[in-house]
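Peer 1: Here's my sequence, what's the structure:
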Amino acid sequence: MFERFTEKARRATIYAQEESNKRSWESITPAALLLGLIREENGIAAKALRETGVNLYDLRTKIEASFPNGSNEHEPYTHIPFHKDTKNALELTLKNALQISDKYIGTEHLLLGLLDQGNLILKETLGKHLRKYESEKEELIEAISLAREINMLAEERRKNIKELKFS
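Peer 2: Numbering: from 1, shown residues only. Take a look at the predicted model:
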C-alpha cells in the first residue's frame, strides 16, 4: 500500500513516527498521524482543514494537550509500530482512494481514513467548523476538491511563469 503514497503522504507518515518518538509513545497512534498531516502543511489534508476554517496551530495544541507524553523509553528513531486504530485508518485510506478512483494515496486520503476510523478530536474539531452539510465527510471532500483545484492552478501558474522565463 505504501508504494501508492505520494511524497507528501510519505512525509506525513514519517512525521507521525517522529511525533510518536518525540513523545515516547509506544505506537504510531491516530493522533500522531493527525499531527503528521498538520506538519505536512503543504499537503491537501492541511489545506482542506484550513479551507474548512480549522486553525492548524489550535488543532495541534489540542492534540498535544489531550495525549500526554508516554513513559516508554526507547532509542530515538527505532521502529515504532502502527497502533491498531492507525492500521484501521490506513486500510480505510486505501478504500477512500479507490472509491474516488485515485490511483495514489495522498494526505487527503489519510485524513478521510482518520475521519472514517472515528478519530474523536478530528470529528469534534470538524464538527465545530462544518455546518454546511449533513456529514463532516461530505464537506471535507468538497474542501479537498477545492484544495486540489487550487494546487493544480498554482502548478499551472508556476509552469507558465517558468515557460515565460525561458522564452
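Peer 1: And the pLDDT at the spatially most central residue of the chain?
Peer 2: The geometric centre of the chain, computed from its C-alpha atoms, lies nearest to Leu37 (Cα atoms, centre = their mean), at 3.3 Å. Leu37 carries a pLDDT value of 96.
Peer 1: contacts for the helix or strand harbouring it?
Peer 2: Using DSSP states H and E, the element containing Leu37 is helix 30-39. Here helix 30-39 makes contact (Cβ atoms under 8 Å, 6 or more residues apart in numbering) with 11-20, 23, 25, 43, 45-46, 49, 56, 59-60, 63-64, 66-67, 83, 85-86, 89, 107, 110-111, 114, 117, 119, 121-122. No exception for glycine: its C-beta is placed from N, CA and C like everyone else's.
Peer 1: What's the first helix or strand after it?
Peer 2: Using DSSP H and E, the helix or strand that follows helix 30-39 in sequence is helix 44-51.
Peer 1: got the contact list for that next one?
Peer 2: Identification of contacts with helix 44-51 by Cβ under 8 Å, 6+ apart yields 8, 12, 37-38, 40, 56, 59, 106-108, 110-111, 140, 143-144, 146-148, 150-151.
Peer 1: elements contacting the following helix or strand past that helix?
Peer 2: Later in the chain than helix 44-51, the nearest helix or strand by DSSP H and E is helix 56-66. In terms of contacts (3 or more Cβ pairs under 8 Å, 6 or more residues apart in numbering; DSSP states H and E), helix 56-66 is packed against helix 30-39, helix 44-51, helix 120-129.
Peer 1: Please give me every residue in contact with the nearest residue to Ala48 once chain neighbours are set aside.
Peer 2: Once flanking residues are discounted, Ala48 sits nearest to Ala143: 4.0 Å by Cβ to Cβ, 6 or more residues apart in numbering. For Ala143, the contacting residues are Ala48, Leu49, Glu51, Thr52, by Cβ under 8 Å, 6+ apart.
Peer 1: which of the residues you listed are buried?
Peer 2: Buried members of those, counted by 16 or more other Cβ atoms under 10 Å: Ala48, Leu49, Glu51, Thr52.
Peer 1: Closest one of those to Thr29?
Peer 2: Leu49 (18.4 Å; Cβ to Cβ).
Peer 1: the bottom helix or strand of the chain by mean pLDDT?
Peer 2: helix 120-129 (a mean of 69; mean pLDDT, DSSP states H and E).
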